[in-house]
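Enquirer: Following is a predicted model, sequence given first.
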Amino acid sequence: MLKKIFPCAAAAIVALSASACAPVEQPAGAAAASGPMQGEFSYMADAGRFMDCSTGESLPVAMVEDNAALERAYLAAAEQPGAPVLVTFEGRIAMAPAMEGDGQERSVIVEDFGEARPGQLCGG
């Protein structure tokens, strides 16, 4: 069974489409991995991807909550389109609408964007 988490408040969706504010789901009774996150973010073709520095896991980034701030910082910091940029933020991993097709997929949810660090990558 899944419980729904509603990630967008009406005032916070100015730059997002209504479809991007679909409820994010997580297994009922299971805590989502949440807290400070650091990793390499890349963005191409309207899709963001995050590779966690501590685990090496690469996941899509859901277009909800503070994702718009992450994307703006990335576009200002990236040396070239699609190049990874080290980012930090408060976030969690949860089931969210799939970027392509129907269904859900494990995704990174950016709750509170921290910073982008141009020219830095994991381990360096």
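Expert: Nice, I can see it.

Enquirer: where does this structure dip in pLDDT?
Expert: For the chain, applying pLDDT under 70 flags the ranges 1-33.

Enquirer: can you do 50?
Expert: Applying pLDDT under 50 to the chain picks out residues 1-21, 26-31.

Enquirer: all helices of it, in order?
Expert: Ranges of helices in the chain, per DSSP state H, are 67-77.

Enquirer: so where do the strands sit in it?
Expert: 2-5, 24-27, 33-44, 47-52, 58-61, 85-97, 104-117 (DSSP state E).

Enquirer: want to throw those into TSV with mean neighbour count?
Expert: For glycine as for every other residue, the C-beta is placed from the backbone atoms N, C-alpha and C. What follows is the strands of the chain, written out as TSV (neighbours: other Cβ atoms under 10 Å):
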stretch	mean neighbour count
strand 2-5	13
strand 24-27	18
strand 33-44	17
strand 47-52	19
strand 58-61	18
strand 85-97	22
strand 104-117	19
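
Enquirer: how about the ones you listed, which one is nearest A76?
Expert: strand 104-117 (7.3 Å; Cβ to Cβ).

Enquirer: And the strands of the chain: which comes nearest A68?
Expert: A68 sits nearest to strand 104-117 of all the strands of the chain, at 8.6 Å, using Cβ to Cβ.

Enquirer: can you put the strands of the chain in CSV and add distance to R72?
Expert: Converted to CSV, the strands of the chain look like this (distance: least, Cβ to Cβ, whole Å):
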stretch, distance to R72
strand 2-5, 23
strand 24-27, 21
strand 33-44, 10
strand 47-52, 12
strand 58-61, 13
strand 85-97, 12
strand 104-117, 9
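
Enquirer: quick one, which of the ones you listed is nearest to N67?
Expert: Closest among those, using Cβ to Cβ: strand 104-117, at 5.0 Å.

Enquirer: gap between that closest one and the chain center?
Expert: On the basis of Cα atoms, centre = their mean, to the nearest Å, strand 104-117 sits 3 Å off its chain's mean C-alpha point.
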